[in-house]
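Undergrad: 3D, please:
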Amino acid sequence: MRIATWNINGLRARRDYVFHWLDSRRPDLVGLQELKMHEDLFPHAEFRARGYQAAVHASKAWNGVSILSREPADVLQSGLPGQAHLGTRLVSARVAGVTFITVYCPNGKHVGHDDFPRKLLWFDALLSYLEARHQASESLVLCGDFNICPTPLDTWNEEELGGKIFHTDEERARFRRLLDWGLVDLYRERFPQERKFSWWDYRGGSFHRNRGLRIDFLLSTPALAKRLRRVEIDRDYRKKKAGMTASDHAPVIADLGAAFS
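TA: Numbering: from 1, shown residues only. Next comes the predicted model:
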């Protein structure tokens, strides 16, 4: 099974680019974030033509998440309980024996902004949701854009950015609590010391200078982590393709072996 997560930075702007990626990488199960599109406008028929059904939780203009799957999906949850005021940021489904949750976590803007404590509370609510609805013994994936650099290894410049948004002790503590609940960072499981990034600002030549952040994650419970065969940040799909402009995020992809292999 090939699973993936990707903040596409607007489905209207990136639709054909997403189709290009799906045709090339052929994932089985994908979490998309930042659709920036109302649910009613989601192009279900075009995804079905490529072999995917979609579970969508989205609203006009901002936020929005979706799960694409080749096999039938039973939607479990649309929206993080108690956090609707921060937008459409979570959808979960049961697919092929896997509980698959994708999230677009709040940005927080900067540590002095009112959105920063709201971001921390959102992460507290996410952990509470996992504790109440799920168990670490499940075959479960939690993926998405977390807007946190968990360690200095996940940022291009900890010296300059440490203590600033994405790099604070408070944010990092929330991420560690998710791992402590029973989740494994699949990329870090395979590459414990690699300094690789999944997001680069469009400005200042950040991508070509590799001034990025690793803020997009595939987290799984141990039952799935032990099936990990391969994981990569798909940096090639942060580049223009056939004249189409990429998202500022790269997809993250993992291949899982069979349950009893």
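Undergrad: In this protein, where is pLDDT below threshold?
TA: In the predicted model of the chain, residues 260-261 satisfy pLDDT under 70.
Undergrad: Tell me where it has strands.
TA: Along the chain, counting by DSSP state E, strands occupy 2-7, 29-33, 53-57, 65-69, 73-78, 90-95, 98-104, 140-145, 184-185, 199-200, 212-213, 216-220, 228-233, 252-256.
Undergrad: need the ones you listed in a markdown table with mean neighbour count and distance to residue 17, can you?
TA: Every residue, glycine included, has its C-beta placed from N, CA and C. A markdown table is the format used below for the strands of the chain (neighbours: other Cβ atoms under 10 Å; distance: least, Cβ to Cβ, whole Å):
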| stretch | mean neighbour count | distance to residue 17 |
| --- | --- | --- |
| strand 2-7 | 25 | 10 |
| strand 29-33 | 27 | 12 |
| strand 53-57 | 21 | 16 |
| strand 65-69 | 25 | 14 |
| strand 73-78 | 15 | 23 |
| strand 90-95 | 24 | 21 |
| strand 98-104 | 25 | 18 |
| strand 140-145 | 26 | 17 |
| strand 184-185 | 20 | 27 |
| strand 199-200 | 23 | 16 |
| strand 212-213 | 24 | 19 |
| strand 216-220 | 26 | 16 |
| strand 228-233 | 17 | 17 |
| strand 252-256 | 23 | 16 |
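Undergrad: The ones you listed into JSON lines, with extra columns for distance to residue 168?
TA: Output for those, formatted as JSON lines (distance: least, Cβ to Cβ, whole Å):
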{"stretch": "strand 2-7", "distance to residue 168": "21"}
{"stretch": "strand 29-33", "distance to residue 168": "21"}
{"stretch": "strand 53-57", "distance to residue 168": "28"}
{"stretch": "strand 65-69", "distance to residue 168": "24"}
{"stretch": "strand 73-78", "distance to residue 168": "28"}
{"stretch": "strand 90-95", "distance to residue 168": "22"}
{"stretch": "strand 98-104", "distance to residue 168": "19"}
{"stretch": "strand 140-145", "distance to residue 168": "17"}
{"stretch": "strand 184-185", "distance to residue 168": "19"}
{"stretch": "strand 199-200", "distance to residue 168": "17"}
{"stretch": "strand 212-213", "distance to residue 168": "13"}
{"stretch": "strand 216-220", "distance to residue 168": "17"}
{"stretch": "strand 228-233", "distance to residue 168": "23"}
{"stretch": "strand 252-256", "distance to residue 168": "23"}
